[in-house]
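>>> Take a look and give me a structure for this.
(2 chains)
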Amino acid sequence: MPHEFNRLEKERLARLERLREMGIEPYPNRAERTHTAAEAIRTLEQAEAQQAEEAPRVIVAGRLRARRVMGKITFAHIEDESGRIQLFFQANTLGKDALKQFNKLYDLGDFIQAEGFLFRTRTGEPTVHVESFRMLAKAITPLPPAKDEIVDGKVVRHAVLADSETRYRQRYADLAVNPEVRDIFRTRAKIVRALRDFLDDHGFLEVETPILQPIYGGAAARPFVTYHNQLKQQLYLRISFELYLKRLLVGMFEKVYEIGRDFRNEGISFKHNPEFTQLEFYWAYADYFKVMDFTEEMIAYVADRVLGTRKITWQGHEIDLSPPWKRIEMRQGLLEATGVDIAACPDAESLAAAMKAKGVEPKPNASRGKLIDQMVGDFLEPNFIQPTFLYDYPRDISPLAKARPGDPTTVERFEGFIGGMELCNAFTELNDPLDQEARFLEMGRTYAADDEERHPIDEDYLRAMRYGMPPNGGFGMGIDRLTMIFTDKRSIREVILFPHLRERGDGKDEDRAGEAAASE
RNA sequence: GGGCGCGUAGCGCAAUGGUAGAGCAGUGGCCUUUUAAGCCAUCGGUUGCAGGUUCGAGUCCUGUCGCGCCCA
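Okay, the predicted model is just below:
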């Protein structure tokens, strides 16, 4: 269905036609710019400092964001990625017709180019005295008309685009009018850059492993399923990188990492998006305690690089990202929080009974590990506001982690938490192929055939391990969540450029409800 | 999946069950240092969608779509 233009768009289309009639191409192929807005302002300041005789000349380009027409002069602001700069249009300089053209045929939101000399207005604002200007790209749809007012030195923004649905569905408009949203994604890019630099500096090799996988694994999650037509083969979008990265240790790489997208076909919430960005690394000859130390160091490094401080505020909490993080053994932590001693309960039945005795209602039909997970989620996780490692997890929910020597119910695994949210997950990796096979079979028995967290057995992974895999520590961390922590955002949708929303045409104005109802 | 809340003009918002409004944006005009410029005039609505109750529904009820928050 072709787009139906609204009243405001039709007005702009008419002006676009008018420009064409005047021989002006509203979407020219080439643009010119000598200075960004910020560079132009700096250039003026330098000229003033040097008491230059001639005013510096610039060509600036950007989106027209404000216009104040005052008879024979017009003030405007254009914005580029570096910021805003004021333009001064004067009938005496440009001629009456040119000024009228700018006032009547150019719209807020249009990309324009302007050439002239720099000066300061009466109020001291750096301004381009425009001698010529041209259209670079006409905007048909008006952007939300956010205006900034300075009150007591603070910027107060009016009528700013705030509807979260529109902001996420039309992120381009959100980014165009909300500069602080652009900053979130600059921060995100810096985080990823800092992580890469840290890992590279520590001798890790960045690799790329398959996103389309014949067998999914490495996490407890439901996959997206797809199909290769020519191979006539069902494929899955990966739910983790783990099994492929560890194959590389068999292949004699000792430190590898990957930053990329994982896909999990599960619920969407303020901390879950169906595709999310993950960092995983695997480190030969390391164990989970070494990985813990390394994690603290890495997060502190990223904080230093990205924020310039290790003390942050997240949702009103003062959080200190400096090492060392608090370390809590899971058994001890649960004993203190609930009075239940998981070490005294070797199976699900005894643990459920112990939980009931302490007034905690166990989830029905849950395994021992899932009951423990339940208690962690209810009694520990929300309290881990300061960076905290919780370590020594139950074996039956950790099929890829190595057991603790002398304690078959526990594996060497930790999770890191910040702001009451799980941030990372790591273990001393299981490298015994026979034990690994037994774990896979055990999982197959424990989970019902239709359980969404059931793992198919990856025979090729077992084959790789049989060739010999060095002892190693592995680590996975959600980049989206780390970005939430660093940017003080409560919702993962704020840190993902194009978060998934339920389908609804091109926008909230378009109604498909009627069509859907009619077709049923 | 369940509970609660929200959905009104391009944007941010009003409107006891009784004529759907003002601001910004837009349009026409005045204005040579403005900066949410100002002043005068003016255009703009399927109140998410579909039903229902009522003399009368943006408002109450049912269903539905979407978003948000809480829970699972």
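>>> drop to CA atoms for contacts and neighbour counts, all remaining ones
OK.
>>> Find the residue closest to A:Arg68 in space, skipping its chain neighbours.
A:Phe75 (5.0 Å; CA to CA, 6 or more residues apart in numbering).
>>> Mind listing the strands the one helix or strand the one you found maps to pairs with, and their directions?
Assigned by DSSP states H and E, A:Phe75 belongs to strand A:73-80. Sheet pairing for strand A:73-80, assigned by DSSP bridges, gives strand A:57-70 (antiparallel), strand A:83-90 (antiparallel).
>>> near RNA strand B, which residues of the stretch 51-200 of chain A?
Within reach of RNA strand B by CA under 7 Å from any atom of the strand, the stretch 51-200 of chain A has these residues: A:66-73, A:75-76, A:86, A:90-92, A:104, A:107-108, A:120-125, A:142-150, A:158-165.
>>> Out of the residues you listed, list just those in strands.
Among these, DSSP state E puts A:66-70, A:73, A:75-76, A:86, A:90, A:120, A:147-150, A:158 in strands.
>>> Report how many residues lie close to the residue nearest to A:Arg68.
17 (other CA atoms under 10 Å).
>>> now A:Glu280, which residues is it bridged with?
Those that pair with A:Glu280 in a beta bridge, by DSSP bridges, are A:Glu258, A:Gly476.
>>> what ranges of chain A fall below the confidence cut-off?
Applying pLDDT under 70 to chain A flags the ranges A:1-2, A:446-455, A:504-520.
>>> Show me how the record splits it into domains.
Following the assignment in automatic domain parsing, chain A carries domains at A:7-142, A:181-325+A:386-494.
>>> Distance to A:Ala343 for the ones you listed - can I get that in JSON lines?
As requested, the domains of chain A are exported to JSON lines (distance: least, CA to CA, whole Å):
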{"stretch": "domain A:7-142", "distance to A:Ala343": "58"}
{"stretch": "domain A:181-325+A:386-494", "distance to A:Ala343": "9"}
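>>> coming back round to it: could you list which residues are in contact with the residue nearest to A:Arg68?
Contacts for A:Phe75 (CA atoms under 8 Å, 6 or more residues apart in numbering) come out as A:Arg67, A:Arg68, A:Val69, A:Gln86, A:Leu87, A:Phe88, A:Phe89.
>>> Does A:Met477 touch A:Phe276 like I think?
No: A:Met477 is beyond contact range of A:Phe276, at 10.5 Å (criterion: CA atoms under 8 Å).
>>> End to end on stretch A:229-244, go ahead and measure it.
Start-to-end span of stretch A:229-244 (CA to CA, to the nearest Å) is 24 Å.
>>> Can you flag the buried ones in the ones in strands among the residues of the stretch 51-200 of chain A next to RNA strand B?
Buried members of these, scored by 16 or more other CA atoms under 10 Å, are A:Ala66, A:Arg67, A:Ile73, A:Phe75, A:Ala76, A:Gln86, A:Gln90.
>>> Disregarding residues adjacent in the polypeptide, which is nearest to the second one?
Of all residues not flanking A:Arg67 in the chain, A:Ala76 sits nearest, at 4.1 Å (CA to CA, 6+ apart).
>>> any idea how far A:Gln113 is from the one you found?
Counting by CA to CA, the gap from A:Ala76 to A:Gln113 is 12 Å.
>>> same check, this time on A:Leu501
Counting by CA to CA, the gap from A:Leu501 to A:Gln113 is 37 Å.
>>> Then A:Ser164?
For A:Ser164, the distance to A:Gln113 equals 32 Å [CA to CA].
>>> What of A:Lys138?
12 Å.
>>> same deal with A:Phe198?
From A:Phe198 across to A:Gln113, the span is 41 Å (CA to CA).
>>> more crowded one of the two?
Neighbours were counted for A:Phe198 and for A:Gln113 using other CA under 10 Å; A:Gln113 has more, 22 against 17.
>>> and the longest helix along chain A, which residues are buried?
Assignment by DSSP state H gives helix A:179-201 as the longest helix of chain A. For helix A:179-201, the neighbour count (16+ other CA under 10 Å) marks A:181-182, A:184-185, A:187-188, A:190-192, A:194-196, A:198-199 as buried.
>>> Take those and write them to JSON lines, including distance to A:Arg7.
Output for the buried residues of helix A:179-201, formatted as JSON lines (distance: CA to CA, whole Å):
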{"residue": "A:Val181", "distance to A:Arg7": "29"}
{"residue": "A:Arg182", "distance to A:Arg7": "30"}
{"residue": "A:Ile184", "distance to A:Arg7": "34"}
{"residue": "A:Phe185", "distance to A:Arg7": "34"}
{"residue": "A:Thr187", "distance to A:Arg7": "38"}
{"residue": "A:Arg188", "distance to A:Arg7": "38"}
{"residue": "A:Lys190", "distance to A:Arg7": "42"}
{"residue": "A:Ile191", "distance to A:Arg7": "43"}
{"residue": "A:Val192", "distance to A:Arg7": "43"}
{"residue": "A:Ala194", "distance to A:Arg7": "47"}
{"residue": "A:Leu195", "distance to A:Arg7": "49"}
{"residue": "A:Arg196", "distance to A:Arg7": "49"}
{"residue": "A:Phe198", "distance to A:Arg7": "53"}
{"residue": "A:Leu199", "distance to A:Arg7": "54"}
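>>> and the two most separated of the residues you listed?
Maximum pairwise distance in those, criterion CA to CA, is 27.8 Å, between A:Val181 and A:Leu199.
>>> how big is the angle separating the longest helix of chain A from strand A:83-90?
In terms of direction (axes from the mean of the first three to the mean of the last three CA atoms, to 10 degrees), helix A:179-201 departs from strand A:83-90 by 140 degrees.
>>> ok, how many other residues are close to the closest residue to A:Lys190 other than its chain neighbours?
Once flanking residues are discounted, A:Lys190 sits nearest to A:Val306: 5.9 Å by CA to CA, 6+ apart. A:Val306: 20 surrounding residues under other CA under 10 Å.
>>> how much space between A:Val306 and A:Leu390?
Relative to A:Leu390, and taking CA to CA, A:Val306 is found at 26 Å.
>>> what does A:Glu494 give?
Counting by CA to CA, the gap from A:Glu494 to A:Leu390 is 27 Å.
>>> Helix or strand for A:Gly116, just tell me which one.
strand A:111-120.
>>> ok, now which ones touch the residue lying farthest from the centre of chain A?
The centre of chain A is farthest from one residue, A:Asn92, which by CA atoms, centre = their mean lies 50.0 Å away. Neighbouring residues of A:Asn92 by CA under 8 Å, 6+ apart: A:Lys72.
>>> Contact partners for A:Glu494?
Contacts for A:Glu494 (CA under 8 Å, 6+ apart) come out as A:Met484.
>>> Can you give me the neighbour number for the residue nearest to A:Glu381 when sequence neighbours are not counted?
Nearest residue to A:Glu381 in three dimensions, chain neighbours excluded: A:Gly420, at 5.3 Å (CA to CA, 6+ apart). A:Gly420 is flanked by 17 other residues according to other CA under 10 Å.
>>> Please apply the same query to A:Arg368.
23.
>>> Quick check, it in contact with A:Ala343.
No: look at A:Arg368 against A:Ala343 with CA under 8 Å: they stay out of range, at 11.1 Å.
>>> hmm, back to that, in TSV: the strands paired with strand A:73-80, plus distance to A:Val302.
As requested, the strands paired with strand A:73-80 are arranged in TSV below (distance: least, CA to CA, whole Å):
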stretch	distance to A:Val302
strand A:57-70	33
strand A:83-90	26
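>>> Ok, which of the domains of chain A comes nearest A:Met375?
Closest to A:Met375 of the domains of chain A is domain A:181-325+A:386-494 (CA to CA; 12.2 Å).
>>> Hmm, A:Gly420 and A:Asn383 touching each other?
Yes: with contact defined as CA under 8 Å, A:Asn383 and A:Gly420 form a contacting pair (5.6 Å).
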